[in-house]
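Provided below for reference: sequence and predicted model.
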Amino acid sequence: MIKHRDECIGCHSEIGCVGSTCLHRNVPYTVCDHCGEEAVVYSFSEEDVQLCEKCMELELDAEWKQLSFNDKCNYFGVKEIDI
Ligand SMILES: [Zn+2]
Ligand SMILES: [Zn+2]
């Protein structure tokens, strides 16, 4: 998921932090929906669950195991040998 945090460590202006227009406020960052760690996240679609590389790999492995032999052959271009 995308979260936001305040990373302002004091704006360099006489009035201090410029508030809502401060570029260092509401800085977006992403968190894995499974393990909750801050990381680059991946998703099958915009609305779907967002996972870090580690969790997505487990997810993909699980998906892969559900594929049929034919699906896997199609993926790699594996062909039955004609005799
Ligand atoms: Zn600021
Ligand atoms: Zn994760």
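Cool, got the structure. Ligands and ions are numbered 1, 2, ... in the order given.

find the nearest non-adjacent residue to the residue sitting nearest the centre point of the chain, please.
The residue lying closest to the centre of the chain (C-alpha atoms, centre = their mean) is V41, at 1.4 Å. Closest residue in space to V41, ignoring its immediate chain neighbours: Q50 at 4.0 Å, by C-beta to C-beta, 6 or more residues apart in numbering. For glycine as for every other residue, the C-beta is placed from the backbone atoms N, C-alpha and C.

tally up the residues packed near the one you found, please.
21 (other C-beta atoms under 10 Å).

cool, and the one 3 residues further on?
Applying other C-beta under 10 Å, we find 11 residues neighbouring E53.

got it, and E7?
Neighbour number of E7 under other C-beta under 10 Å is 12.

sec struct for it, please.
Put simply, E7 is coil when judged by DSSP: H, G, I helix; E, B strand; the rest coil.

next one: it from A39, what distance?
17 Å (C-beta to C-beta, to the nearest Å).

ramachandran angles for F76?
Note on F76: backbone dihedrals following degrees, to the nearest 10 are phi -90, psi 0.

interface residues of the protein facing ligand 1?
8, 11, 17, 22, 24 (C-beta under 5 Å from the ion).

all helices for this protein, in order.
53-66, 69-76 (DSSP state H).

so what secondary structure elements neighbour the last one?
Put plainly, it is helix 69-76. On a contact count with 3 or more C-beta pairs under 8 Å, 6 or more residues apart in numbering; DSSP states H and E, helix 69-76 meets no helix or strand.

do me a favour and average the pLDDT over it.
Confidence for helix 69-76, expressed as mean pLDDT, is 96.

that one to helix 53-66, inter-axis angle?
130 degrees (axes from the mean of the first three to the mean of the last three C-alpha atoms, to 10 degrees).

what does helix 69-76 rub up against?
64, 67, 78-79 (C-beta atoms under 8 Å, 6 or more residues apart in numbering).
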